[in-house]
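Chemist: mind folding the following:
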Amino acid sequence: MALQKKQGFFSVKTLLIILTFLFFFIMVFLPLALVIHEGFNKGVAVYLESIKNDEVKSAIKLTLIAASVSVILNTTFGLSTAWFMTKFKFKGKTLYNTLLDIPFSISPVIVGLMFVVLLGRNSKIGQILEAHDIKIIFALPGIILVTVFVTLPFIAKELIPLMQEQGKEEEEAALSLGASGWKTFLKVTLPNIKWGLLYGIILCSARAVGEFGAVSVVSGHIRGETNTIPLHVEILYNEYEFTAAFAVATILVAFAIVTLIVKTIIERKYSLELKK
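Modeler: Below you'll find the predicted structure:
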């Protein structure tokens, strides 16, 4: 009887493993492999030619700028938010924590439309900006704004539970010994949250690089000026330049693979640190 139960459990376990890996293969590995295959389908020379033109270079540059600024701003926001959410008591904390999830719950396309309505030519703010020759929508600032919005909660949401679990005893001890608030943050708080912070930065940067919907609305699709890598891939595909589209898409795949490698290294180092 016990042997039958064990065999039955083993069968269910094996089935679940097979189904899980099959699902992963169909939904993740196979599409990525096809993108890489199609990108190199006509040879390395055609691939290099597809990713070395000026429009692709402009898209890569714009994507990196938007992602870098978003990560810097959201790191600052995430650290400050996690700090006052976990170290201080104030009315409305639960409400504020709920509001942090808004960028997760709103469609990126709606986010783009929100900023167009707020800062576009037909809005009062947009008219004031236009009068001073300041371009937000259909320009780099608009792309940065929507990218910051959609990636806003990642670092804060990663740090808040971590800092809540750690408590504030070490910071209070440092302050009682005469350390300044800034020194306490650098010497006590930051070392304790470094792995969570790095993990949040990785998630934020990956989301920023791959953002499509919100950026598509506010960019204006100006080739060589306001197209990020995802937008440029879409344009190439719509123009039936399939090889070029897949070749440029491999840049995003490469970034995703690098992100996963860094993420795995951080998780492993964090696990080793916990075991010490």
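Chemist: where does the stretch 151-276 of the chain dip in pLDDT?
Modeler: 274-276 (pLDDT under 70).
Chemist: all helices for it, in order.
Modeler: 153-166, 169-176, 181-184, 190-210, 213-219, 229-238, 242-275 (DSSP state H, counting those that start in this stretch).
Chemist: and residue 136, which of these is closest to it?
Modeler: helix 213-219 (8.2 Å; C-beta to C-beta). In this view, the C-beta of every residue, glycine as well, is placed from N, C-alpha and C.
Chemist: which SSE is immediately downstream of the host helix or strand of residue 76?
Modeler: Per DSSP states H and E: residue 76 is located in helix 54-87. Following helix 54-87 in sequence order, the next helix or strand is helix 93-99 (DSSP H and E).
Chemist: can you list contacts of that next one?
Modeler: 85, 160 (C-beta atoms under 8 Å, 6 or more residues apart in numbering).
Chemist: start the count at 48, not 1, going forward
Modeler: Done: numbering now begins at 48, and the last item shifts to helix 140-146.
Chemist: before we move on, the earlier item: which stretch among the helices of the stretch 198-323 of the chain comes nearest residue 99?
Modeler: Comparing the helices of the stretch 198-323 of the chain under C-beta to C-beta, the one sitting nearest is helix 289-322, at 9.9 Å.
Chemist: on contacts alone, who are the packing partners of the helix holding residue 123?
Modeler: helix 140-146, helix 187-197, helix 200-213, helix 237-257, helix 276-285, helix 289-322 (3 or more C-beta pairs under 8 Å, 6 or more residues apart in numbering; DSSP states H and E).
Chemist: most packed of the ones you listed?
Modeler: helix 187-197 (a mean of 23; mean count of other C-beta atoms under 10 Å).
Chemist: what's the angle from it to helix 237-257?
Modeler: 120 degrees (axes from the mean of the first three to the mean of the last three C-alpha atoms, to 10 degrees).
Chemist: between the helices and strands packed on helix 101-134, which gets nearest to residue 74?
Modeler: helix 289-322 (14.3 Å).
Chemist: hmm, back to that, report the buried residues of the helix holding residue 123.
Modeler: 102-103, 105-107, 109-111, 113-114, 116-118, 120-122, 124-126, 128-130, 132-133 (16 or more other C-beta atoms under 10 Å).
Chemist: next, the angle from that helix to helix 200-213.
Modeler: 30 degrees.
Chemist: from the chain's centre, how far out is helix 101-134? Work that out for me.
Modeler: With C-alpha atoms, centre = their mean, to the nearest Å as the basis, helix 101-134 stands 9 Å off its chain's centre.
Chemist: just to revisit the earlier point, how about a markdown table for the helices of the stretch 198-323 of the chain, with distance to residue 179 added?
Modeler: Putting the helices of the stretch 198-323 of the chain into a markdown table (distance: least, C-beta to C-beta, whole Å) gives the following:
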| stretch | distance to residue 179 |
| --- | --- |
| helix 200-213 | 32 |
| helix 216-223 | 44 |
| helix 228-231 | 37 |
| helix 237-257 | 28 |
| helix 260-266 | 19 |
| helix 276-285 | 27 |
| helix 289-322 | 36 |
